[in-house]
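Q: Okay, here's the prediction I keep looking at, along with the sequence it came from:
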Amino acid sequence: MPPPGRKIYQIIRPILLILGTLAFAVGISPAAAAKPAVTSVRIGDHATKTRIVLDLSGKMPFELFSLADPYRVVINLPEVDWGLDADAVRPGKRITGFRFGLFRPGQSRVVIDVARPVSVANTFILEPDGKRGYRLVIDLVDTTRKAFLQAVRRAQLARLSATRSPQSALPTQPAKPADSRPLIAIDPGHGGVDPGARGRSGSWEKSLTLKQALELQRQLLKTRRYRVTLTRDNDVFVRLRERIAIAQRAGAAMFLSLHADSIANRKVRGGAVYTLSERASDKEAAALARKENKADIIAGIDLNEQSKTVAKILIDLRQRLTKNDSVTLAKGLVKELRGSMRLLKHNHRFAGFAVLKAPDIPSVLIEMGYLSNREDERLLRDLRHRREVAGAIVRSINGFFARQQALRQP
């Protein structure tokens, strides 16, 4: 009897032959039909420069620019597969960090943190040579802050000229849906080029928050009492301000942001619920907010691109009723989550989270545990635990809207 792997191959072999024939018939080689990939990255320090080499599966276009405060070099590529491990890319004397992932559909991004101002001395693609394939080569050399900022400004102006439209689009109000059921906006934290926290067993926050969001969506839809929208449903980066805008455009009645933190003390475990406040409840909440608010920086976003409309969204916190509703929602979540997961002693906290700053939508951020703790990480990876947590959140949402409806009764 053939081994299982051989048996599976025998079953799918005819399908593979058909696909190969179709590709040949339309003039597409198997290599060209495959998704482009970055297979490895090498960083080499020299006395006067640092060389970065990206091994590519084929020739592809790229865009390169720098961002300041903090200093970053950004490489935009077509949407690619990543055949490398982030831990295998070692930083150097000029490079302090290296991240990669999907930035938006159709575009992948590499973000390189640099220790000091640098300029791009050379950038070119090498053709295949023997056993080596295509390689994107970038040489970074030291420069002054003044020269660095001038280069950043020139790149900003070039991108602005390329993307400027004849007329500015007016902000659109969400259309009133025929379906009057409340719309719940679920925000899986991080994603794409911004992976979030790393667990002790190698889990990424962005993956665990998405799995929890999808389970929560499933259970909410199962009740038939709610409509649901997700700020992302795959491994893609979404700006903090866009997460808010997605909920507002859809006319959401509630915004839930899901996260899983990591801290130095590996013994600490447990979740908490956070609401917005200009003053943090404690030092830990303030530190967490500062870290979460750096998501756009991590993904290589130019923070000077903030529009006046977005700035208004981020600072308009005068609707006290919305903040009160957020606190009510948080208290209900704590009550229900207590039965399905371990919570911190101070389990309702508040700080200035940018993702909670929609002035018209009750919003909370749920930290589901610490990936730096082995037990919390194990639970966050467990399907049964995710189902229990989602069930608790659904019960708290039911209670929130039941109270809202009671308050509206004459």
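A: Looks like it arrived, so ask away.
Q: ok, and Leu149, which helix or strand is that part of?
A: Applying DSSP states H and E as the criterion places Leu149 in helix 145-163.
Q: Going by residue numbers, what spans are strands in the stretch 301-410 of the chain?
A: For the stretch 301-410 of the chain, strands defined by DSSP state E, counting those that start in this stretch occupy the ranges 343-351, 363-370.
Q: Which elements pack onto the longest one?
A: When you say that, I think you mean strand 343-351. With contacts taken as 3 or more Cβ pairs under 8 Å, 6 or more residues apart in numbering; DSSP states H and E, strand 343-351 sits against strand 271-276, helix 283-292, helix 320-337. Where C-beta positions appear, they are placed from N, C-alpha and C, glycine not excepted.
Q: Which residues are in contact with Leu258?
A: Contact partners of Leu258, counting by Cβ atoms under 8 Å, 6 or more residues apart in numbering, are Ile186, Asp187, Pro188, Gly189, Thr209, Gln212, Ala213, Leu216, Ile366, Met368.
Q: Likewise for Ala253?
A: Pro182, Leu183, Ile184, Ile361, Pro362, Phe401.
Q: TSV for these, including neighbour count?
A: Formatted as TSV, those follow (neighbours: other Cβ atoms under 10 Å):
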residue	neighbour count
Pro182	18
Leu183	19
Ile184	26
Ile361	22
Pro362	24
Phe401	17
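Q: hmm, back to that, do you know which of the helices and strands packed on strand 343-351 lies nearest Ile397?
A: Smallest distance to Ile397 across the helices and strands packed on strand 343-351 (Cβ to Cβ): 8.0 Å, for helix 320-337.
Q: longest helix in this protein, by residue count?
A: Identified as the longest helix of the chain according to DSSP state H is helix 383-408.
Q: what's the spacing between that one and its chain's center?
A: Distance, stretch centre to chain centre, for helix 383-408: 25 Å (Cα atoms, centre = their mean, to the nearest Å).
Q: go on, stretch 58-69?
A: So, by Cα atoms, centre = their mean, the centroid of stretch 58-69 is 20 Å from its chain's centroid.
Q: where do the helices sit along the chain?
A: 4-25, 30-33, 145-163, 205-223, 240-250, 283-292, 295-298, 308-315, 320-337, 374-380, 383-408.
Q: Can I get these in TSV including mean pLDDT and distance to Lys59?
A: Putting the helices of the chain into TSV (pLDDT from 0 to 100; distance: least, Cβ to Cβ, whole Å) gives the following:
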stretch	mean pLDDT	distance to Lys59
helix 4-25	44	19
helix 30-33	45	11
helix 145-163	82	22
helix 205-223	98	30
helix 240-250	92	32
helix 283-292	83	38
helix 295-298	82	29
helix 308-315	44	37
helix 320-337	90	50
helix 374-380	97	40
helix 383-408	94	42
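Q: Next, format the ones you listed as a markdown table and append distance to Ile125.
A: Output for the helices of the chain, formatted as a markdown table (distance: least, Cβ to Cβ, whole Å):
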| stretch | distance to Ile125 |
| --- | --- |
| helix 4-25 | 25 |
| helix 30-33 | 17 |
| helix 145-163 | 20 |
| helix 205-223 | 30 |
| helix 240-250 | 32 |
| helix 283-292 | 36 |
| helix 295-298 | 27 |
| helix 308-315 | 36 |
| helix 320-337 | 50 |
| helix 374-380 | 40 |
| helix 383-408 | 43 |
